[in-house]
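> based on what follows, work out the 3D shape:
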Amino acid sequence: MITVRPSNDRGLADHGWLKSRHTFSFADYYDPKHMGFRALRVINEDRVAPAKGFGTHAHRDMEIVSYVLEGALEHKDSMGTGAVIRVGDVQRMTAGTGVTHSEFNHSKSDGVHFLQIWLLPKAAGLKPSYEQKNFSIEDRKNRLRLIAARDGREGAITVNQDAEIYAGVLDAGAMVELPLAKGRHAWVQVARGSVELGEHKLAAGDGAAVSEESAVKLRATELAEVLVFDLA
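Take a look at the predicted model:
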């Protein structure tokens, strides 16, 4: 069963310096039909104006993953981390017992475009931690590259949840497949371009829930970038 979440149906927040589309309920956007999918709680597509950003604020008991599509994002947190997240970088912050952080556009001239992803953790009260790794375009080219997993295998970042995240940059016509074990579910998020998922056509910003299927099968109809979540 495949259920499509069209891009234009997502929540919208426009703060001038920030334009954000919410796949699931977030902040002032509330839709009881879209509160998340399995352990996946948030997918926000954020565009931040030059030299602007999110001032210091707090989180707890959440796995927060950032995936940069364009530009560079500057991160600082109460654990002493200071980092710049660029295209191809994947950042994971375990909020756990509590952490404060800020995220700003690192550039004074160019915008930054990124996906902010929240996963519910396996347990409350985890020790806060931070991790960041780069996955080159070549590493993600015409394949689904594992970028996050509970066991951190294959060089992926670790997440404190029974979840895996795959990323692919697909040429037009490229086909990729992710087998799903019995009882597993998937979420497909198209970051750019367009793909076919079975009989469904998905464009940039579209998402889709996949359940009771043996595999996620994607075909790019143009140059595309996708994330696929394998979830319990």
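
> kindly state the beta-bridge partners for the residue nearest the centre of the chain.
Nearest residue to the geometric centre of the chain (Cα atoms, centre = their mean): residue 117, 4.2 Å. In this entry, residue 117 is beta-bridged to residue 43, residue 65, by DSSP bridges.

> so it is in contact with residue 46, correct?
No. Contact criterion Cβ atoms under 8 Å: residue 117 and residue 46 do not qualify, at 10.8 Å. Glycine gets a C-beta too; all of them are placed from N, C-alpha and C.

> next one, pLDDT for the residue nearest to the centre of the chain please.
As summarised for this prediction, residue 117 has a pLDDT of 98.

> over to the one 5 residues further on?
On pLDDT, residue 122 comes in at 96.

> run a quick neighbour tally on it.
For residue 122, the neighbour count with other Cβ atoms under 10 Å is 15.

> just residue 215 next, same as before
Neighbour number of residue 215 under other Cβ under 10 Å is 11.

> what about the residue lying closest to it once chain neighbours are set aside, distance to residue 3?
Nearest non-adjacent residue to residue 215, counting by Cβ to Cβ, 6 or more residues apart in numbering: residue 179, 4.8 Å away. According to Cβ to Cβ, to the nearest Å, residue 179 and residue 3 sit 20 Å apart.

> check residue 222 too.
With Cβ to Cβ as the criterion, residue 222 and residue 3 are 23 Å apart.

> now do residue 147
24 Å.

> re the thing from before, higher neighbour count, residue 222 and residue 3?
residue 222 (14 against 11).

> could you look up the SS state of that one?
coil (DSSP: H, G, I helix; E, B strand; the rest coil).

> so which residues of the chain form helices?
137-140 (DSSP state H).
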